[in-house]
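> turn this into a structure:
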Amino acid sequence: MRILYGVVGEGMGHATRSRVVLEHLLQAGHQLHVVVSGRAHSFLTSAFQDRQGYGPGRIEITEIAGLHLVYDERGVDKSASLWSNLGNAPEGIAKNLAAYGAVARRLHPDLVISDFESWAYLFARNHDLPVISIDNMQVINRCRHSPDLKAGRGGLPALDYRIAKLSVKAKVPGAYHYLISSFFFPPVRKARTTLVPPILRPELLAARREPGDHLLVYQTAANNQALLPLLGRLPLPCRVYGMGTDRPDGLAESVSLRPFSQQGFIDDLRTARGVVAGGGFSLMGEAVHLQVPLLAIPLRKQFEQELNARYLDRLGYGRFNTEPTEDALIDFISELDTLSEGLAAYRPRDNSMLFGCLDELLGRVALGEPPPEALDHPNLGDRLSSRIAARLGENALGDEEDEVVGEDGGDGDRAGTPGR
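Residues are numbered from 1 along each chain as shown. So this is what the prediction gives:
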């Protein structure tokens, strides 16, 4: 098949996940055109440009303009993000129009796959093409969550949850099917939704757990310098990524500032006693797979990260805290053995379940079949299995109604049928 694949450029987790799926599609003989923005463009280009057949006819990667976020020490700076994106808008529109023409002329796609990316989705809608969504974000909208998991900080009403749900719902509405990557598996409330394990890069799948005596610390905001002195007072050495390599004066010798290295990072992860990071899904999924406890400190006003962290805490795989305080770090270290025991209950899986589900969907699209409510391939959750579990009294989570079969449930989520 000829597949247009859209990858959102904000955050590298989408790019590393998409690389895995693109490799599988190439091996299956599909023709691919990838549209991607931000740092993800250079990452995917470097991953595939030396491949035999790179370019039109096998796999082509085109840079588009996408929205990006500006961070400060407290999280996302919404004002700075708005003005930065507005300033780049004229150039971005011109770039995206040129990319649109190139895809329309050279590929003539049969199908679109979107990793939370809007450009490719809108192309599909304009050309009456089916869309398969592959991401972790849709778990917010398409699954049911208990009230305590949706609540705002300090027990306040779930306003952040409602805003996040509306935003996710509007991103890729009416897809042919939604494949949701997750390490937690809440009841599915909407049709055409399938849960699969975290999508893991091959280097991570090859890693073997050998617990050492250090903490791995990953921070995306290099200006979060207030964290470093706290790390220096901990009883375990810390290997820190994402904060540069320039050591501030007086930083304890037990704190090592590491340069970016994919293999070095994986080695430090697999041998860590524990991880201290934000609430991003990709690293959390990798830590759970390797059974490494994680202290999650999500960015403010990022409900998706908070939901990940709350499930991590509830399942006993790690801990969730709103601030990187010394008490939170010490408490986390004191619980490492208990959390490791909790993680022993998690069953690590490779990517074969995702690939099987995706191949089934591609086969159904090729045959012109309507969107399936549930898939035949084994998976970790869909609406049918969730309803059976609910009847058995196993999944009384939340109070949201299931989507009505054959209807849009009042949220504009009617599925498209295969084009052509």
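> buried residues of stretch 229-239, list them for me.
230-231, 234, 236-239 (16 or more other CB atoms under 10 Å). (Each C-beta comes from the backbone N, C-alpha and C, glycine too.)
> ah, wrong one, I meant stretch 205-223
Buried residues in stretch 205-223, counting neighbours by 16+ other CB under 10 Å, are found at 207, 211, 214-221.
> in strands only, show me those residues.
215-218 (DSSP state E).
> show me what contacts the nearest residue to residue 265 once chain neighbours are set aside?
Closest residue to residue 265 apart from its sequence neighbours, by CB to CB, 6 or more residues apart in numbering: residue 241 at 6.0 Å. Counting by CB atoms under 8 Å, 6 or more residues apart in numbering, residue 241 touches 216-219, 258, 260, 265, 268.
> can you give me the distance of residue 241 to residue 27?
To residue 27, residue 241 is 31 Å away according to CB to CB, to the nearest Å.
> mind showing which ranges of the stretch 201-350 of the chain have poor pLDDT?
Along the stretch 201-350 of the chain, the parts satisfying pLDDT under 70 run over 221-224.
> please enumerate the helices of it.
202-205, 227-232, 262-270, 281-290, 303-314, 326-334, 336-343 (DSSP state H, counting those that start in this stretch).
> save those as CSV, and put in distance to residue 178 too.
Shown next, in CSV, are the helices of the stretch 201-350 of the chain (distance: least, CB to CB, whole Å):
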stretch, distance to residue 178
helix 202-205, 24
helix 227-232, 36
helix 262-270, 29
helix 281-290, 15
helix 303-314, 15
helix 326-334, 34
helix 336-343, 27
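> the residue nearest to residue 265 pairs with what?
Here residue 241 sits in beta bridges with residue 218, going by DSSP bridges.
> contacting residues around residue 282?
Each residue near residue 282 by CB under 8 Å, 6+ apart is listed here: 11-13, 16-17, 198.
> ok, so of those, who is nearest residue 324?
residue 11 (19.6 Å; CB to CB).
> tell me who's in contact with the most centrally placed residue in the chain.
Residue closest to the average C-alpha location in the chain (CA atoms, centre = their mean): residue 136, at 4.5 Å. Neighbouring residues of residue 136 by CB under 8 Å, 6+ apart: 180-182, 198, 281, 285, 304.
> how about residue 13?
Here residue 13 is in contact with 280-283 (CB under 8 Å, 6+ apart).
> likewise residue 236?
Per CB under 8 Å, 6+ apart, neighbours of residue 236: 213-215, 254, 273, 333.
> same thing but 7 Å
With contact taken as CB atoms under 7 Å, 6 or more residues apart in numbering, residue 236 is in contact with 213-215, 273, 333.
> reformat those as a markdown table; add distance to residue 247.
Converted to a markdown table, the contacts of residue 236 look like this (distance: CB to CB, whole Å):
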| residue | distance to residue 247 |
| --- | --- |
| 213 | 21 |
| 214 | 17 |
| 215 | 17 |
| 273 | 23 |
| 333 | 23 |
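> show me which of these is closest to residue 379.
Nearest member of the contacts of residue 236 to residue 379, counting by CB to CB, is residue 273, at 33.0 Å.
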